[in-house]
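In: Have a look; sequence and predicted model below, questions after that.
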Amino acid sequence: MINNFFKNKVILITGGTGSLGHALVEFFVKNAYLKKLIIFSRDELKQSEMKQKFPENKYKYLRYFIGDVRDANRLIIATKNVDYLIHAAALKQIDTAEYNPTECIRTNIDGAENVIHAALECGVKNVVALSTDKACAPINLY
């Protein structure tokens, strides 16, 4: 069923090398015949490690795209001709967010807004925004 649903589709995953993004990439590689899977991440090291696990010469539909959801223009470039956009990029560590509140806001709020605008501008019909809330108390910044 998954195969038929995503067959010949283009999927973009923001935060594609994070814990959830990596799991999604692995799922799609094992279960779907995609036209293209774009792994959008600002982490060059994690992309390099993922390329070793899923080499481009074997998985010709994978595209490793360095970028940050904070960069609206780069996100728009990555979003062109995408059928499904899965937004999994976020800063999730509570202590880090509380110590670096502005950075957390730029990624989690401004970045999510950039994803919405890129999807609208590029005509993406299907967007999945994942809740990555790991907040342990509703009073903290995250």
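Out: Alright, I've got the coordinates. Numbers count the residues shown, from 1 in each chain.
In: Quick one: classify Ala119 as helix, strand or coil.
Out: Classification of Ala119 using DSSP: H, G, I helix; E, B strand; the rest coil returns helix.
In: Not counting its neighbours along the chain, what's nearest it?
Out: Val127 (4.9 Å; CB to CB, 6 or more residues apart in numbering). For glycine as for every other residue, the C-beta is placed from the backbone atoms N, C-alpha and C.
In: Just the buried positions in the helix or strand containing the one you found, please.
Out: For Val127, the host element (DSSP states H and E) is strand 126-129. Residues of strand 126-129 classed as buried by neighbour count (16 or more other CB atoms under 10 Å): Val127.
In: and it, which strands flank it?
Out: Here strand 126-129 has these sheet partners by DSSP bridges: strand 84-87 (parallel).
In: Ala32 and Lys51, how far apart?
Out: Distance of Ala32 to Lys51, computed by CB to CB, to the nearest Å: 19 Å.
In: For these two, indicate the residue with more neighbours.
Out: Using other CB atoms under 10 Å, the more surrounded residue of Ala32 and Lys51 is Ala32, with 18 against 15.
In: Can you list the residue ranges for strands in this protein?
Out: Counting by DSSP state E, one finds strands in the chain at the ranges 10-14, 36-41, 62-66, 84-87, 126-129.
In: Of the ones you listed, which stretch is the most buried?
Out: strand 10-14 (a mean of 26; mean count of other CB atoms under 10 Å).
In: so what strands line up beside that one?
Out: Paired strands of strand 10-14, with direction, are strand 36-41 (parallel), strand 84-87 (parallel) (DSSP bridges).
In: Nearest to Asn100 among these would be which one?
Out: strand 36-41 (19.1 Å; CB to CB).
In: Just the C-alpha atoms of the closest one, please, in PDB.
Out: In PDB, the C-alpha atoms belonging to strand 36-41 read as follows (Å, rounded to 0.1, in the frame of the first residue of the first chain):
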ATOM      1  CA  LYS A  36      13.200  11.400  -5.500                       C
ATOM      2  CA  LEU A  37      13.900  11.700  -1.800                       C
ATOM      3  CA  ILE A  38      15.500  15.000  -0.700                       C
ATOM      4  CA  ILE A  39      17.300  14.900   2.600                       C
ATOM      5  CA  PHE A  40      17.400  18.600   3.700                       C
ATOM      6  CA  SER A  41      19.800  19.200   6.600                       C
END
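In: Right, I'll leave it there.
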